[in-house]
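J.: Sharing a model prediction with you, sequence too.
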Amino acid sequence: MLAALAAELQVKAGTLLGDAEARPAKAGPPVAARSAVVQALLQRHDAARGPVLAAELRARVERAWKVWQTSPHRFTEAEALLLDLIRTVEGSLRASRPGTDTAERREVLRVSADLYGLLRSYYRRIGRLDLSLMVTDRALRAAEDADDPLRIASARWNLGHVLLSQPGSEQDAVDVAIAASRDLAAAVDSSAAAAVRGALELVAVVADARGRRPWAARDRLARRAVPLARQSWVKQTVTNRCPAPSWDNIALITS
């Protein structure tokens, strides 16, 4: 049954069980680069001296996401962008707090949530699961402050993946994913919401499989994830904004 589920997801069976050897090795950045991006997150960043518009921040975060998802040298290239981007986005967040432009502040919060989603993936892949959890929490708080249901759900999707990285936390991942999917369904009815809900269901599918519950995983895949994928078929890889349950990105979701 586990083999059948893995075939359905187009991944190796060992991946569903969390076997490290089943995952392709990824070359990480140099130690100095890792340290710099770590320090950029941990340091306090004062409010930006000059106003940085949310639209400019959005373009820079989009660029960083594109590099991270498509570049064959993504660690090196992303690190060069992330150092200043972390400082600028967090400084802009501080600068926007006393302001009166609520729409601009809300957009800065959205941008920061998207950046933290990227950083969750980055820190996880350099082996800093503690920082991966930290930025996931920041993403969730930023999304909640922006009152953005889609980003709140996406942040909880990221939290599900952090939990999947921790042996023995499979049921916690299921609980987070299912609660997030339920809350999003009650808040938003759109194809984008269905896409995020589908990705959340896939977190639960993988958690069930890794928890040696293959029948539950296959049932959830057939009854919940596949219908949502059909409802919101989006041909794209997983992004910070809308993780779509396309079979093209299952390997990324389970990595």
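T.: Sure, I can see it.
J.: CA atoms for contacts and neighbours, from now on please.
T.: Fine.
J.: Could you pull up the contacting residues of residue 61?
T.: Taking Cα atoms under 8 Å, 6 or more residues apart in numbering, we find residue 61 in contact with 85, 111, 114, 115.
J.: can you do 7 Å?
T.: Residues counted as contacts of residue 61 (Cα atoms under 7 Å, 6 or more residues apart in numbering) are residue 115.
J.: That one and residue 108: what is the separation?
T.: 11 Å (Cα to Cα, to the nearest Å).
J.: what separates residue 137 from residue 119, distance-wise?
T.: Remark: distance between residue 137 and residue 119 (Cα to Cα) = 11 Å.
J.: Which one of those two is surrounded by more residues?
T.: Higher neighbour count among residue 137 and residue 119: residue 119, with 25 against 20, using other Cα atoms under 10 Å.
J.: Where does that one sit, in terms of helix or strand?
T.: Assigned by DSSP states H and E, residue 119 belongs to helix 102-125.
J.: Just the mean pLDDT for that helix, thanks.
T.: What helix 102-125 shows for mean pLDDT is 94.
J.: next SSE after it?
T.: On the C-terminal side of helix 102-125, the nearest following helix or strand under DSSP H and E is helix 129-145.
J.: could you dump that next one to CSV, C-alpha only?
T.: In CSV, the C-alpha atoms belonging to helix 129-145 read as follows (Å, rounded to 0.1, in the frame of the first residue of the first chain):
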residue,chain,number,x,y,z
LEU,A,129,15.4,23.7,11.9
ASP,A,130,15.3,26.1,14.9
LEU,A,131,15.5,29.1,12.6
SER,A,132,13.1,27.5,10.2
LEU,A,133,10.5,27.3,13.1
MET,A,134,11.3,30.9,14.1
VAL,A,135,10.6,32.4,10.6
THR,A,136,7.5,30.2,10.3
ASP,A,137,6.2,31.8,13.5
ARG,A,138,7.1,35.3,12.1
ALA,A,139,5.3,34.5,8.9
LEU,A,140,2.2,33.5,10.8
ARG,A,141,2.2,36.6,12.9
ALA,A,142,2.7,38.9,9.9
ALA,A,143,-0.1,37.2,8.0
GLU,A,144,-2.4,37.5,11.0
ASP,A,145,-1.5,41.2,11.5
